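Peer 1: okay, predicted coordinates and the sequence, questions at the end:
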Amino acid sequence: AHSDKLKERISQLNSTIAEKQVVYEQTKQEYENIVEANQKFYDYATKFRELYMKVDGLLEKKKRFETDLNDSKLNLQEIVEATDAELEERLHRFDEHISAQKQKKRAEDTKKQDLEDDLAN
């Protein structure tokens with residue numbers, strides 16, 4: 001009688017172990033599915049962030065180009081409205097302006113070289 005009770009208890013425990021094994025396998029599968037879903041979500045979020053940053057950069061670039069376009073239109077409007085004599089004078093002053101800019105650049109280069117020489121000594 002005692003051995004029958006022990007056999008029945010062993011049978012119950014084996015049954016419980018089998019049930020717990022099934023629950024474990026199901027839980028493990030659910031966990032793996034969640035890990036996979038989380039990885040996909042992370043990948044999508046990363047791609048979205050990259051795309052968002054790219055769009056943001058492109059919008060900034062578009063804004064800058066629109067500003068440049070408007071500035072160019074203003075400059076073009078000035079040129080279109082100018083008379084031939086005014087354009088001729090601007091062309092003549094342009095060479096003077098370039099010469100002045102070159103002279104200014106040479107002076108800055110000389111000053112920079114002098115400062116570098118002072119720092120070296």
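Peer 2: Right, received. Where do you want to start?
Peer 1: separation between residue 86 and residue 57?
Peer 2: Using Cβ to Cβ, to the nearest Å, one gets 41 Å for the distance from residue 86 to residue 57. Any C-beta I mention is one placed from the backbone N, CA and C, and that applies to glycine too.
Peer 1: before we move on, what about residue 6?
Peer 2: 75 Å.
Peer 1: per-residue pLDDT, residue 70?
Peer 2: Confidence at residue 70, expressed as pLDDT, is 90.
Peer 1: pull the number of nearby residues for it.
Peer 2: A total of 10 residues lie near residue 70 under the criterion other Cβ atoms under 10 Å.
Peer 1: which helix or which strand is home to it?
Peer 2: Here residue 70 is covered by helix 2-81, with elements defined by DSSP states H and E.
Peer 1: and the next helix or strand past that helix?
Peer 2: Past helix 2-81, further along toward the C-terminus, the next helix or strand under DSSP H and E is helix 84-120.
Peer 1: lowest-confidence helix or strand of this protein?
Peer 2: helix 84-120 (a mean of 88; mean pLDDT, DSSP states H and E).
Peer 1: could you list the buried residues of it?
Peer 2: By neighbour count, with 16 or more other Cβ atoms under 10 Å as the criterion, helix 84-120 contains no buried position.
Peer 1: with stretch 9-18 instead?
Peer 2: Of the residues in stretch 9-18, none is buried under the neighbour-count criterion (16+ other Cβ under 10 Å).
Peer 1: and it, how far from the chain's centre?
Peer 2: On the basis of Cα atoms, centre = their mean, to the nearest Å, the separation between the geometric centre of stretch 9-18 and that of its chain is 59 Å.
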